[in-house]
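Peer 1: What shape does this take:
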Amino acid sequence: MALTKLETALLDLLKEDCRLPLEKLSAMTGASLEETAEVIDRLEKNHVILRYTPVINWDLTDRERVEAMIEVRVTPQRDMGFDAVARRIYRFDEVKSVYLMSGSYDLLVLVEARTLKELASFVSSKLSTLETVTGTATSFVLKRYKEEGVIFEGEESDRRLVISP
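Peer 2: Numbers count the residues shown, from 1 in each chain. The predicted structure follows:
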């Protein structure tokens, strides 16, 4: 789907802050309120915009959670390639993201569980037992510094342009 300038501008603005009100989006793009609403509605209906979600610093909460990135090597299935394997993997509740990768492994799987024991159980009893999985390498997330362009610690710099006379 080829995007118009307005669609691209709206996606960029929503990616930066999905809470921007329609009126502000309209003013920032120079489009009418009605046109802005129609474009966003069309992007949602065409599954370009799938969900609006915040970036959360879970380290500042009392919620227990363990995150890991798992490199998965698989045997692709005839006539379906990696897609069928990826579908089986992304259906597990623990799986947050699945990416087809180039390089020494095939899929990168981002998982989350409440405890290390639950995450280990997922890898050993669900993921590794799939007949198409030939190997895994798990790396645990110890600390997040930046996610989705958001820095988690320290002061964020002022990103406005400096205007001097």
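Peer 1: partners of the helix or strand that contains Ala137 in the sheet?
Peer 2: Assigned by DSSP states H and E, Ala137 belongs to strand 133-140. Neighbouring strands of strand 133-140 in its sheet, by DSSP bridges, are strand 66-74 (antiparallel).
Peer 1: continuing past the partner strand, what's the next helix or strand?
Peer 2: By DSSP H and E, the next helix or strand past strand 66-74 is helix 83-90.
Peer 1: That next one to strand 66-74, inter-axis angle?
Peer 2: Relative orientation of helix 83-90 versus strand 66-74 (axes from the mean of the first three to the mean of the last three Cα atoms, to 10 degrees): 160 degrees.
Peer 1: Summarise which helices and strands helix 83-90 is packed against.
Peer 2: Contact partners of helix 83-90 among helices and strands, from 3 or more Cβ pairs under 8 Å, 6 or more residues apart in numbering; DSSP states H and E: strand 95-100, strand 107-113. (Glycine included, C-beta is placed from N, CA and C.)
Peer 1: nearest to Arg65, of those strands?
Peer 2: With Cβ to Cβ as the criterion, Arg65 lies closest to strand 107-113 of the helices and strands packed on helix 83-90, at 5.8 Å.
Peer 1: Skipping its backbone neighbours, what lies nearest Glu67 in space?
Peer 2: Leaving aside its sequence neighbours, Glu67 sits nearest to Val141 (Cβ to Cβ, 6 or more residues apart in numbering; 4.0 Å).
Peer 1: ok, now how distant is that neighbour from Lys96?
Peer 2: As judged by Cβ to Cβ, to the nearest Å, Val141 and Lys96 stand 11 Å apart.
Peer 1: Please apply the same query to Lys146.
Peer 2: Distance from Lys146 to Lys96, by Cβ to Cβ: 17 Å.
Peer 1: do the same with Ser104
Peer 2: Between Ser104 and Lys96 the distance is 22 Å, computed by Cβ to Cβ.
Peer 1: Does Cys18 fall in a helix, a strand, or a coil region?
Peer 2: coil (DSSP: H, G, I helix; E, B strand; the rest coil).
Peer 1: hmm, I was thinking of Glu38
Peer 2: helix.
Peer 1: Tally up the residues packed near it, please.
Peer 2: If you count neighbours by other Cβ atoms under 10 Å, Glu38 ends up with 13.
Peer 1: can you check Leu33 too?
Peer 2: The local packing of Leu33 (other Cβ under 10 Å) involves 12 other residues.
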